[in-house]
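In: Compute the structure for the input listed below.
(4 chains)
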There are 2 protein chains.
Amino acid sequence: MTPSPYFQAAMSRYFALGDDDCRLLGQLERRTASADKDRVLWALGARIQNLFILQSGWACTVRDTGEGERQIIELLLPGDIVGLREFTFRRHGSEARMISAGSVSTFTHQQIVDIVAASTSLAVALFATIGRQEALLTERMLVTLHRSARVQVSHFVLETYLRLSKLQSVDPGRMPFPISQRLLGQILGLSPVHINRTLTALERDGVLEKHRAHVVIHDPGRLRDEADFDDDYLSDRVDGLSTRLAELREGAASSAVSQSGS
Amino acid sequence: MTPSPYFQAAMSRYFALGDDDCRLLGQLERRTASADKDRVLWALGARIQNLFILQSGWACTVRDTGEGERQIIELLLPGDIVGLREFTFRRHGSEARMISAGSVSTFTHQQIVDIVAASTSLAVALFATIGRQEALLTERMLVTLHRSARVQVSHFVLETYLRLSKLQSVDPGRMPFPISQRLLGQILGLSPVHINRTLTALERDGVLEKHRAHVVIHDPGRLRDEADFDDDYLSDRVDGLSTRLAELREGAASSAVSQSGS
DNA sequence: CGTACCTTTGACGGCTGTCAAAGGAAGTGG
DNA sequence: CCACTTCCTTTGACAGCCGTCAAAGGTACG
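Out: The predicted structure follows:
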């Protein structure tokens, strides 16, 4: 069985997972295939069917705004699960596509239901996952609505740096960043022209340099100041639920659930 | 026992719920108390402890942007569950407060775990709920990033009208709307001054009139055009999972999940 | 070697924020 | 029932960030 370093690691960040849980998670990563750049994982309006786990490469979900523009909703990095937001809908309200070449595991939305049925711990871990993905979205909205393009770009680069750093050691002097200026504009809701001006200014001021497929962060501390960054929302800490899950496993569940006592 | 028309109705929109499921849901609404306007349900940074179901009145979750401004993240209407986004975190990343006087039911985050453990149907229904709340957020972000203030205001009023209409019959000529212009600005990320200008223009053009605590929608169809509104994201349709849930209840689960069967 | 996409730069305009001040409307205490 | 206070609404003047349009230069890829 191919181990899944990223996704299982992500899920076990929340609680220690048992052998059964790991086995269940492993089933989501049985079918893994490579995916070219621009490969569409699902199209807008398509019936909900499969979910994905990104094993390598970057991906995103996108919406057209009806005025010829596109807005990136979420940026997905290796280890991220793709489609959890939408698996209870009938049809997709977005498109998902690869940003760079990589590989993805595919499984059905019904497998999610099976996992929720089989393991309360994993069900709660899935809630934790969806909550953290939504926290990224919320933070992005706050920044895009209230901050200048300069802060937005700095914030996004730093956020991505921190997300990547959870997966592997990242050299700030050469961080992978396969995002064109046009795409960066679609992530932040800014025009490519203005993205370019902003990047030029950030480079002039010695904050960062964006190259074709990587970014140079001269000084992470300086970037944090530029971005006015508060990383609370990236926390993996889950509190107070582990004990409850343990109680449930020990059979204290039935009485507690029947009258919700204690 | 006080019945919970809104929340149980909301949850049963997704699938037909059994008696056990309804009983479990009922436990979330045992402790109900009135809440004044501006009552804080939780403060920023507080430890996660309770969740709420709004029985009457409107509420919201808010974030400070660090520059003295406030951004409303979600607007909560009667029947909405408050805190599902964050219940797996250690501390709240937002504040929740009542916008108008009303009443709320209170329960603990551990009760959510108990429900997830006790009923796969309800667990999936909770995923559906969180997904729909997130769809509201996503749509708001798209509109705020790419549309004019005029479209934003129209869009928000129409969205709220449609959400309210799911709960009860709403007279477009006198829709409850206890939202000040300042608050509307905090929802859309616009200054109160510009909100005022936009409302004045919309009234001049006969689209809508906002009064202190209600809105007059002269013509919903006209408003829909102004807002360029597509209501796909408000859909309650859940497809393909009901049959899977039924199979699980009938014990067909074990084979599908291989050996982890219960 | 050509084509397509990405990056860069300049000029111009508009939507929206900020500042400031005055005019209601609602609630409170006397 | 009346003064007072507070918050909300309204309006004007001005500035600035960012979008649009346009065109040229770079870079990868077939």
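In: Any idea how many residues pack against the residue nearest to residue A:139 when sequence neighbours are not counted?
Out: Ranked by CB to CB, 6 or more residues apart in numbering or on different chains and with sequence neighbours excluded, the top spatial neighbour of residue A:139 is residue A:233, at 5.0 Å. C-beta coordinates here come from the backbone N, C-alpha and C atoms, glycine included. Neighbour count of residue A:233, defined by other CB atoms under 10 Å in any protein chain shown: 18.
In: isn't residue A:233 right up against residue A:140?
Out: No: applying CB atoms under 8 Å, one finds residue A:233 not in contact with residue A:140, separated by 10.0 Å.
In: Can you tell me how far residue A:213 is from residue A:163?
Out: 17 Å (CB to CB, to the nearest Å).
In: Which one's more surrounded, these two?
Out: Between residue A:213 and residue A:163, counted using other CB under 10 Å, the more crowded position is residue A:163 (17 against 11).
In: which stretch of helix or strand covers the more buried one?
Out: helix A:149-167 (DSSP states H and E).
In: touching chain B at all, that helix?
Out: No: Helix A:149-167 lies out of reach of chain B by CB under 8 Å from any CB of the partner chain, never closer than 10.2 Å.
In: Just list what that helix packs against, helices and strands only.
Out: helix A:120-146, strand A:175-176, helix A:181-188, helix A:192-204, strand A:208-210, strand A:214-217, helix A:220-227 (3 or more CB pairs under 8 Å, 6 or more residues apart in numbering or on different chains; DSSP states H and E).
In: Would the fourth one count as contacting chain B?
Out: No: legend: contact between helix A:192-204 and chain B by CB under 8 Å from any CB is lacking; minimum distance shown is 13.2 Å.
In: What is the burial count for residue A:185?
Out: So residue A:185, with other CB under 10 Å, has 24 neighbours.
In: Ok, the one 5 residues further on next?
Out: Here the neighbour count serves as a burial measure; for residue A:190 (other CB under 10 Å) it reads 20.
In: got any ranges where the stretch 51-200 of chain A has weak pLDDT?
Out: Counting by pLDDT under 70, the stretch 51-200 of chain A shows no low-confidence range.
In: For DNA strand C, give me its nearest residue in it.
Out: residue A:181 (3.1 Å; CB to the nearest atom of the strand).
In: ok, for residue A:178, nearest residue in space, not its chain neighbours?
Out: Residue A:178 sits nearest to residue A:100 (CB to CB, 6+ apart), 4.2 Å away.
In: centre of the chain versus the helix holding residue A:163, how much separation?
Out: 13 Å (CA atoms, centre = their mean, to the nearest Å).
In: With just CA atoms, put it into PDB.
Out: Only the C-alpha atoms of helix A:149-167 are listed here, as PDB (Å, rounded to 0.1, in the frame of the first residue of the first chain):
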ATOM      1  CA  ALA A 149      -2.800  45.400  -3.400                       C
ATOM      2  CA  ARG A 150       0.700  45.500  -1.900                       C
ATOM      3  CA  VAL A 151      -0.600  44.000   1.400                       C
ATOM      4  CA  GLN A 152      -2.700  41.400  -0.500                       C
ATOM      5  CA  VAL A 153       0.200  40.100  -2.500                       C
ATOM      6  CA  SER A 154       2.500  40.000   0.500                       C
ATOM      7  CA  HIS A 155      -0.100  38.300   2.500                       C
ATOM      8  CA  PHE A 156      -0.800  35.600  -0.100                       C
ATOM      9  CA  VAL A 157       2.900  34.800  -0.600                       C
ATOM     10  CA  LEU A 158       3.500  34.500   3.100                       C
ATOM     11  CA  GLU A 159       0.400  32.400   3.600                       C
ATOM     12  CA  THR A 160       1.500  30.100   0.800                       C
ATOM     13  CA  TYR A 161       5.000  29.900   2.300                       C
ATOM     14  CA  LEU A 162       3.600  28.900   5.700                       C
ATOM     15  CA  ARG A 163       1.200  26.300   4.200                       C
ATOM     16  CA  LEU A 164       4.100  24.800   2.200                       C
ATOM     17  CA  SER A 165       6.300  24.800   5.200                       C
ATOM     18  CA  LYS A 166       3.900  22.400   7.000                       C
ATOM     19  CA  LEU A 167       4.500  19.800   4.200                       C
END
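In: list the buried ones in that helix?
Out: Across helix A:149-167, burial judged by 16 or more other CB atoms under 10 Å in any protein chain shown covers A:149-161, A:163-164.
In: okay, the angle between that helix and helix A:120-146?
Out: Angle, helix A:149-167 to helix A:120-146, by axes from the mean of the first three to the mean of the last three CA atoms, to 10 degrees: 160 degrees.
In: got the angle between helix A:149-167 and helix A:192-204?
Out: Using the same axes, to 10 degrees: helix A:149-167 against helix A:192-204 is 70 degrees.
In: what's the angle between helix A:149-167 and helix A:181-188?
Out: Using the same axes, to 10 degrees, helix A:149-167 lies at 90 degrees relative to helix A:181-188.
In: so does helix A:149-167 get close to DNA strand D?
Out: Yes: interface with DNA strand D: helix A:149-167 contributes A:149, A:150 (CB under 7 Å from any atom of the strand).
In: relative to helix A:220-227, how tilted is that helix?
Out: 140 degrees.
In: where do the helices sit along the stretch 1-150 of chain A?
Out: Assigned by DSSP state H, counting those that start in this stretch, the helices in the stretch 1-150 of chain A fall at A:5-12, A:19-26, A:109-118, A:120-146, A:149-167.
In: want to throw those into TSV with distance to DNA strand C?
Out: Listed next are those as TSV, based on distance: least, CB to the nearest atom of the strand, whole Å:
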stretch	distance to DNA strand C
helix A:5-12	27
helix A:19-26	35
helix A:109-118	31
helix A:120-146	8
helix A:149-167	12
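In: Rebuild those helices as TSV, extending it with distance to residue A:64.
Out: What follows is these, written out as TSV (distance: least, CB to CB, whole Å):
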stretch	distance to residue A:64
helix A:5-12	29
helix A:19-26	34
helix A:109-118	24
helix A:120-146	18
helix A:149-167	21
